[in-house]
Structures are given as structure tokens and as C-alpha cells.
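> Test case, fold it:
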Amino acid sequence: MLFLRLWALQILSGAHYRAVAKSNQLRHVPIEAKRGLILDANGKKLVVNVASTAVVLWPSDLPQRSGRDTVLRRLSSLVHMPVAEIEAKIKEHGNDPVTPVVLKQALHEDQIQYLLEHSTQLPGVDLTDTYLRHYNTEASLAQVLGYDGEITPLELKRMRKDGYNAGDIVGQAGVEASYDRLLRGADGYEVRQANSLRAIGLPERNRDSKDPVPGYNLRLTIDVNLQRAAERALKFGIKLARGEGHYNADGGAIVALDPRNGAVLAMASNPTYKPSVWVGRRDPKKLAPLLDPKEADKANHPLLNRAIQGLYPPGSTFKPVTALAALQEHLISPFQEIPCTPSFTVHGYTGHDQVFDNWTDAYDQPMTLPVALATSCDTYFYRVGYWFYGLPADRGHPLQAWASRFGIGAKSGIDIGPEEAGLLPTPEWRQQTFTSAIDKLWKPGDSVQLAIGQKDLLVTPLQMTRFYAMLANGGKLVTPHVVADVEMPNGDVQQSFNPPAQDTGVDPNALAIVRDGLYQATHQDYGTSVGVFGNYPIPIAGKTGSAEKVVQEPGYPAGHTEVQSWWCGFGPYDRPTIVVCALIENGGHGGSAAAPAALKVFEQYFGKQSPSAITGPSD
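Just a heads-up that it's a prediction; the model follows:
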């Protein structure tokens with residue numbers, strides 16, 4: 001019986017057991033795929049890969065009982081990672097004994113040499129080649145590019161169905177996150193012989209091995225030179241604001257957009273950070289302003305992309321919305337003269353009069369719509385807002401309806417995130433939001449202040465840029481995007497992006513009237529930004545804005561307000577190819593800080609300097 005059994009094992013099943021024994025001697029060692037490069041519009045390499053070395057752990061090769069603890073303690077001391085964290089990483093892999101666990105990347109040379117020299121004393125510990133992201137832009141374009149990192153347990157739970165595994169490196173923000181599936185490529189593996197300590201080498205190339213497939217490259221719509229000019233312009237605008245006594249000016253955003261197709265030409269947010277702080281050996285001190293709430297407050301939240309996440313009242317940059325809505329609803333005619341007075345009074349509501357002042361008392365005369373836009377007359381638009389309030393109930397809320405059609409109060413659909421939708425207040429919103437009976441009411445003052453972009457209205461700089469692109473291109477609401485093409489590693493274009501635009505249905509004649517008002521604002525002596533753009537060789541049209549926002553600053557009482565400095569416009573006036581919106585947080589008048597900052601972007605784009613630029617108070 002023994003003889004027959006041995007004969008069956010060796011002869012009948014010999015081939016099977018030889019294969020099993022051989023498989024126990026072989027390991028499938030992962031080969032990381034290179035992430036795709038990120039290029040600017042002109043092909044400049046913004047994000048590349050650099051070779052690095054990582055330490056990995058093979059759980060199946062760890063000694064048993066006390067020997068395991070000894071190895072983990074020695075490894076913990078070497079790579080400066082607590083044993084509990086190592087154990088947690090092993091657990092994240094589902095305690096899979098045959099899949100290596102990446103513990104740490106970007107090892108020092110002395111760490112690498114120590115591991116090589118003491119490999120027999122550290123069974124289950126190995127070194128592997130890896131790649132790290134290198135951001136050639138340093139702190140420029142940080143919020144747009146984003147960064148990558150090891151997949152989190154929460155992300156893994158959501159993304160495992162798409163082929164992601166524990167230990168994968170994935171995009172965590174910006175382009176890196178939104179286009180991760182295109183950038184990441186597909187890992188390969190090679191088959192290595194293994195002894196009792198580790199995988200030790202590759203015999204001959206095994207036909208079961210698989211080469212990694214690198215990720216696609218992405219070409220952005222952004223010109224890095226224009227981007228850097230926008231970031232310098234932001235710092236310039238902040239400096240101007242502080243020079244005017246607005247000492248809380250400490251951030252802002254500038255967006256430059258092609259109104260013909262929605263391509264983002266530049267997107268700057270200040271303050272910013274260096275994405276390299278996430279790469280390799282992470283320094284907790286450098287990460288604190290990005291991760292620790294208290295430190296982030298002190299640093300004014302550099303991780304925040306203010307262009308798409310910052311929410312601000314738009315102030316007078318919203319007046320063209322009111323103007324178009326009023327023209328579309330035949331509430332006013334273009335050359336109807338409406339009083340522009342130092343103040344406007346709403347009578348009798350809640351038993352007392354409510355007075356709304358103009359931003360300047362220099363005017364007390366009737367104005368047409370283009371002149372009212374050029375001078376940014378608040379009381380002109382107060383009256384228009386009051387007329388909207390007085391419309392019959394069956395007319396609905398036409399001002400909000402047109403604003404919504406122009407993209408206000410909704411996400412733009414840009415291909416990076418997260419993006420805020422903002423707030424377009426309506427009577428229904430007040431009913432749902434507030435609890436007291438008086439607060440639930442939509443009052444005349446709500447319509448009056450909405451007409452000049454104040455009170456509850458909140459927008460992002462990108463939303464306003466998109467609206468001004470609609471003014472520039474004849475009524476089409478474009479979809480902003482930062483990625484132009486997906487390219488093969490050899491440069492062949494795999495896919496191009498040109499998102500569709502929506503026709504807003506706005507009357508071309510109404511658009512022409514508003515555009516004329518914006519041109520007068522930059523070229524007539526009564527225009528609010530004529531000092532900045534009046535002598536510029538390229539004809540620019542645009543609008544200033546100075547919007548009050550409640551900002552809780554240290555040392556100030558509750559309810560303290562700061563003025564947000566805005567300027568939005570486009571050029572050349574007759575055939576626009578670029579729209580620029582600039583916002584300086586707590587920066588004061590739009591003509592004093594935001595408009596000069598926007599001029600810097602136009603100067604870079606057109607390659608022409610302004611012979612003179614005079615700043616000054618404006619609404």
C-alpha cells in the first residue's frame with residue numbers, strides 16, 4: 001500500500017507537485033507604471049517623474065512570533081515609522097501574505113545601504129524601484145495641478161471596483177485627481193525566484209511577466225508664462241491694497257479664460273503652497289498649514305483654490321447681469337434716463353424708511369444705462385431692483401432667473417474640483433433658510449441690494465469670469481476646462497476636449513448696450529477704470545466692483561465688514577480672445593487694486609505694456 005501510494009504521488013501526480021513546488025519558489029514582484037506627464041499649452045513639462053527607492057514588506061516572509069516583532073521594531077527605527085503604523089499598513093492590504101506592502105518612499109542613501117548590508121537580519125524586508133512626482137512649477141499653479149499620494153482606506157472602499165488596490169498612488173487634488181485614471185497607467189510585474197528570506201532575482205525573462213504601461217500625458221490649456229504673470233499680478237494687487245490702508249488684504253484669485261471655447265488660460269490663487277511637500281519624506285511642519293485647522297487659519301488656507309472655491313459678493317461686477325435682465329424683461333429701455341442720485345429711499349416698509357446710498361455723491365442727474373454702467377451708479381440700479389420687486393407674482397423672479405441662466409448660483413462644470421456653486425438668493429431660499437417670520441420675508445431691500453451684487457449673493461471668481469465670457473462671445477455660456485488634450489507618451493493626441501457651450505438666448509442688442517457701457521467704463525473720463533485702461537494700446541472693456549463682506553478678523557467686533565476688490569473684463573473689445581477676472585480679498589475699491597492687477601495679465605497676454613496706469617477709488 002505504501003509502495004502504491006508513493007508511486008501515485010511520484011509518477012501519476014509528479015508533474016502537478018513539481019509545478020506547485022516551483023510556484024512556491026517564484027514571486028510576482030510588482031513593477032510600478034510611470035504616471036503621465038503634465039504639460040502646459042506650449043508643451044513645457046510642468047509635472048514629471050523622478051526615480052526613487054522604496055522599502056517594502058513581504059508579510060509572508062516575516063518570522064513568526066517574537067522574531068516578527070524584532071524585525072518590525074528594527075525596521076521602525078530605520079524608516080522612522082511607528083510599529084503600529086506598519087501593522088496598520090499590513091492590515092490595509094487585508095493581511096494578504098503574498099502582496100508586498102510599500103512602507104516608505106524616497107529613502108536616504110544611508111538607509112538603502114543599511115538595508116542592503118543587513119538583508120539577512122531583516123527577512124521579509126526588500127527594496128524596490130519607484131517614481132516620485134516632481135513639480136517644475138514649484139509653488140506656481142499648485143491648486144490646479146494638485147498632488148498625489150497613497151490611496152486612503154475611504155478612497156479604496158469607493159474605488160476598488162474600478163481596479164484600485166491598497167498601496168496604489170492616486171491623485172488627491174486638482175488635475176492629478178480629476179484625471180487620475182488617465183495619468184496612472186497600468187502596473188506590471190516580473191517573476192522572481194524566492195528563498196526563505198526574500199525574492200532574490202530574475203532568472204530568465206519569464207513569459208508570465210508583464211511590462212508596465214505608462215499613463216497618458218496631459219496637455220493643459222494653461223500657458224505657464226501667463227500663469228506666473230497672474231500670480232505676480234495677485235501679489236501686486238495685494239501690495240497696492242495695503243498701500244491704500246487695507247491692511248487685511250491677504251489673498252485673492254485671478255482667472256483668465258478664452259471666451260471662444262472656455263479654455264482656462266490662467267488660474268491663480270493666493271496664498272499658495274508647494275506641491276512637493278506631499279512628495280516622498282513628508283515634513284509635518286511643512287504640511288501643518290495644509291492639514292491643521294489652526295495653522296491653516298494662520299496661513300489663510302493656502303490649500304484652497306479661491307478661483308473655484310472662494311465665495312464672495314460680486315458687488316458692481318454683477319450690474320451687467322441686472323442690466324441684461326431688465327432689458328430682457330422690458331423693465332427699462334437702453335437710453336431711458338433714470339435718476340442717479342446720492343441716495344435712494346424705500347418708503348414705509350416695517351414702519352420706517354430705508355436709505356441706500358450711492359458709492360459716491362458726485363452724481364445727481366439722470367443717466368442712460370451705458371453711462372450708469374460706466375459710472376457704476378448704485379442708485380440707478382437700486383431703482384431697477386425696486387422695480388423688479390414690484391412685479392406681479394405671476395412674473396416669478398426674473399432677475400434671479402436670468403442670473404441663473406448666466407451661470408450664477410450653479411457649478412460651472414470645470415474639470416477640476418471641488419467647486420462651489422455659490423448662492424443666488426430667492427424668496428423661496430429665504431423661506432427655507434430662516435426661522436423667524438420677519439427673516440423669512442423677501443423685502444424690497446433684498447431686491448434693491450441684489451441688483452448691485454450685495455447682501456446674500458455669493459459667487460466664485462470663475463463664475464464671474466464665465467459670465468463676462470458670455471458678454472464677450474455674444475451670448476454663449478462656455479464650459480471652463482483646464483485640460484486640452486490627452487496624449488500618448490510619444491506625443492500623439494489620443495483625445496481632445498472642447499466642451500459644448502450653452503446658448504443663453506439673450507438679445508444681441510441688449511448685449512451690445514451692456515458691452516458699450518463696459519467700454520465706456522474703461523475709456524470715458526467718467527469711467528471707473530479709465531485711469532487704468534484708458535491709455536492701454538489694446539481696447540479693453542470691463543467693470544469694477546467693491547463689495548462689502550462680513551469678515552471676522554482678529555481684534556475686530558462681530559459683524560465687521562471688509563471691501564472685496566473686483567475687476568472683470570475682456571479684450572480686444574471688438575474681437576475678444578481673453579477674459580480676465582481679478583479679486584483681491586479685503587482689497588478695497590476695484591479701481592485701486594483689482595483693476596491694476598488685471599492689467600498685468602493683459603500686458604503679458606498681448607505683449608504690450610501700458611504707458612501709464614492711474615489707480616483710484618471706484619465702485
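> quick one: residue 29 is in a strand?
Yes: assigned with DSSP: H, G, I helix; E, B strand; the rest coil, residue 29 falls within a strand.
> these two touch, right, it and residue 189?
Yes: with contact defined as Cβ atoms under 8 Å, residue 29 and residue 189 form a contacting pair (6.0 Å). The way it works is simple: take the backbone N, C-alpha and C, and place the C-beta from them, glycine included.
> neighbour-wise, which of those two wins?
Neighbour count, other Cβ atoms under 10 Å: between residue 29 and residue 189, residue 29 has more, with 19 against 16.
> Contact partners for the nearest residue to residue 400 once chain neighbours are set aside?
Nearest residue to residue 400 in three dimensions, chain neighbours excluded: residue 426, at 5.2 Å (Cβ to Cβ, 6 or more residues apart in numbering). By Cβ atoms under 8 Å, 6 or more residues apart in numbering, the contact list for residue 426 reads 397, 400, 442.
> The same query, at a cut-off of 10 Å, please.
With contact taken as Cβ atoms under 10 Å, 6 or more residues apart in numbering, residue 426 is in contact with 396-397, 399-401, 403-404, 409, 432, 442, 446, 450, 456.
> Now distance to residue 297 too, for those residues, in TSV please.
Putting the contacts of residue 426 into TSV (distance: Cβ to Cβ, whole Å) gives the following:
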residue	distance to residue 297
396	41
397	37
399	36
400	34
401	38
403	32
404	33
409	28
432	30
442	34
446	32
450	31
456	25
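> For the helix or strand where residue 484 lies, which strands pair with it and how are they oriented?
Assigned by DSSP states H and E, residue 484 belongs to strand 483-487. Note on strand 483-487: by DSSP bridges, its sheet partners are strand 217-220 (antiparallel), strand 493-496 (antiparallel).
> What are the buried residues along the helix ranked longest in the chain?
Longest helix of the chain, by residue count under DSSP state H: helix 224-243. Residues of helix 224-243 classed as buried: 224, 226-234, 236-238, 240-242 (neighbour count, 16 or more other Cβ atoms under 10 Å).
> again, but for stretch 592-607
Per 16+ other Cβ under 10 Å, stretch 592-607 contains these buried residues: 592-606.
> cool, stretch 400-419 as well?
Across stretch 400-419, burial judged by 16+ other Cβ under 10 Å covers 400-403, 405-409, 411-417, 419.
> what number of residues lie near the residue lying closest to residue 475 once chain neighbours are set aside?
Leaving aside its sequence neighbours, residue 475 sits nearest to residue 506 (Cβ to Cβ, 6+ apart; 4.7 Å). A count of nearby residues for residue 506, using other Cβ under 10 Å, gives 22.
> For residue 506, give me phi and psi.
phi -80, psi 150 (degrees, to the nearest 10).
> Tell me where the stretch 101-250 of the chain has strands.
101-104, 125-135, 148-150, 169-171, 188-194, 199-201, 217-220 (DSSP state E, counting those that start in this stretch).
> Show me what the fifth one is packed up against.
Secondary-structure packing of strand 188-194 (3 or more Cβ pairs under 10 Å, 6 or more residues apart in numbering; DSSP states H and E): helix 14-24, strand 26-31, strand 199-201.
> for the fourth one, same thing?
Strand 169-171 sits against strand 125-135, strand 148-150, helix 153-159, helix 174-178, helix 180-183, with contacts defined as 3+ Cβ pairs under 10 Å, 6+ apart.
> Make sure residue 563 is actually in contact with residue 618.
No: judged on Cβ atoms under 10 Å, residue 563 makes no contact with residue 618 at a distance of 11.3 Å.
> who touches both of these two?
Common neighbours of residue 563 and residue 618 (Cβ under 10 Å, 6+ apart) are 545, 546, 588, 589, 590, 592.
> Let me see the contact set for the fourth one.
The one in question is residue 589. 241, 244, 246, 359, 528, 544-546, 563, 565-566, 595, 615-619.
> picking up where we left off before, right, so of the strands of the stretch 101-250 of the chain, which gets closest to residue 520?
Among the strands of the stretch 101-250 of the chain, the nearest to residue 520 by Cβ to Cβ is strand 217-220 (35.6 Å).
> mean confidence for that closest one?
Strand 217-220 shows a mean pLDDT of 98.
> And stretch 473-481, by the same measure?
On average, the pLDDT along stretch 473-481 is 98.
> Pairing partners for the longest strand along the chain, with directions?
Selection of the longest strand in the chain by residue count, based on DSSP state E, yields strand 45-57. If you go by DSSP bridges, strand 45-57 pairs up with strand 38-39 (antiparallel), strand 101-104 (antiparallel), strand 125-135 (antiparallel).
> after it, next one along is what?
Assigned by DSSP H and E, the successor of strand 45-57 is helix 66-79.
> Just give the nearest non-adjacent residue to the most centrally placed residue in the chain, would you?
The chain has residue 305 as the residue nearest its centroid, 4.5 Å off, counting by Cα atoms, centre = their mean. Residue nearest to residue 305 in three dimensions, not counting chain neighbours: residue 143, with 3.7 Å by Cβ to Cβ, 6+ apart.
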